[in-house]
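Undergrad: take this sequence and fold it.
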Amino acid sequence: METQIKQVNDYFVQKLMNQDFELTYITSALATVLIDAKYQFTFWIANSKNDFECYKMEVNFMDLDFTPEQREFLYTYFRELYTKNEKEALLEEKERIEKKLKNYE
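TA: Okay, here's the model as predicted:
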């Protein structure tokens, strides 16, 4: 049984490492993904790479174990995704505000 659980863990971790998932939600603290369109995982991405882990939620398919190298890579990857998404949202907001301001000229 332990061998099968490790194989399932390794399958999902490899999907994450290959960025083979759908990002469904991201904030400065959490990232939620779907793997194979049905297995949901939420990760704690705040604080530091040492704190990266499956967020303790009942909606997670399972808790995953990571090596230190995988933890560091995934933490960095998700933080970069968050930063990119946040920047895009701020630029859209800036554009919306600039258009609104032009209406007052």
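
Undergrad: Asp10 and Glu105, how far apart?
TA: To Glu105, Asp10 is 59 Å away according to CB to CB, to the nearest Å. Every residue, glycine included, has its C-beta placed from N, CA and C.

Undergrad: next one: Tyr25
TA: For Tyr25 relative to Glu105 (CB to CB), the value is 38 Å.

Undergrad: more neighbours: which of the two?
TA: Using other CB atoms under 10 Å as the criterion, Tyr25 and Glu105 rank with Tyr25 on top: 10 against 4.

Undergrad: out of everything not next to it in sequence, what's closest to the more buried one?
TA: Once flanking residues are discounted, Tyr25 sits nearest to Thr32: 4.1 Å by CB to CB, 6 or more residues apart in numbering.

Undergrad: then the helix or strand that contains that neighbour to PDB, C-alphas only?
TA: Applying DSSP states H and E as the criterion places Thr32 in strand 30-35. Taking C-alpha atoms only, strand 30-35 is exported to PDB below (Å, rounded to 0.1, in the frame of the first residue of the first chain):
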ATOM      1  CA  LEU A  30      -2.900  30.300  -1.600                       C
ATOM      2  CA  ALA A  31      -2.800  28.700  -5.000                       C
ATOM      3  CA  THR A  32      -5.400  26.100  -6.100                       C
ATOM      4  CA  VAL A  33      -4.900  23.800  -9.100                       C
ATOM      5  CA  LEU A  34      -6.700  21.100 -10.900                       C
ATOM      6  CA  ILE A  35      -4.700  18.100 -12.200                       C
END
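
Undergrad: how far off strand 30-35 does whatever helix or strand Glu95 lives in point, in degrees?
TA: Using DSSP H and E, Glu95 falls within helix 68-102. Using axes from the mean of the first three to the mean of the last three CA atoms, to 10 degrees, the direction of helix 68-102 lies 110 degrees away from that of strand 30-35.

Undergrad: tell me what helix 68-102 is packed against?
TA: Using 3 or more CB pairs under 8 Å, 6 or more residues apart in numbering; DSSP states H and E, the elements in contact with helix 68-102 are helix 2-17, strand 22-26, strand 30-35.

Undergrad: one step back: partners of the strand holding Thr32 in the sheet?
TA: Sheet pairing for strand 30-35, assigned by DSSP bridges, gives strand 22-26 (antiparallel), strand 39-44 (antiparallel).
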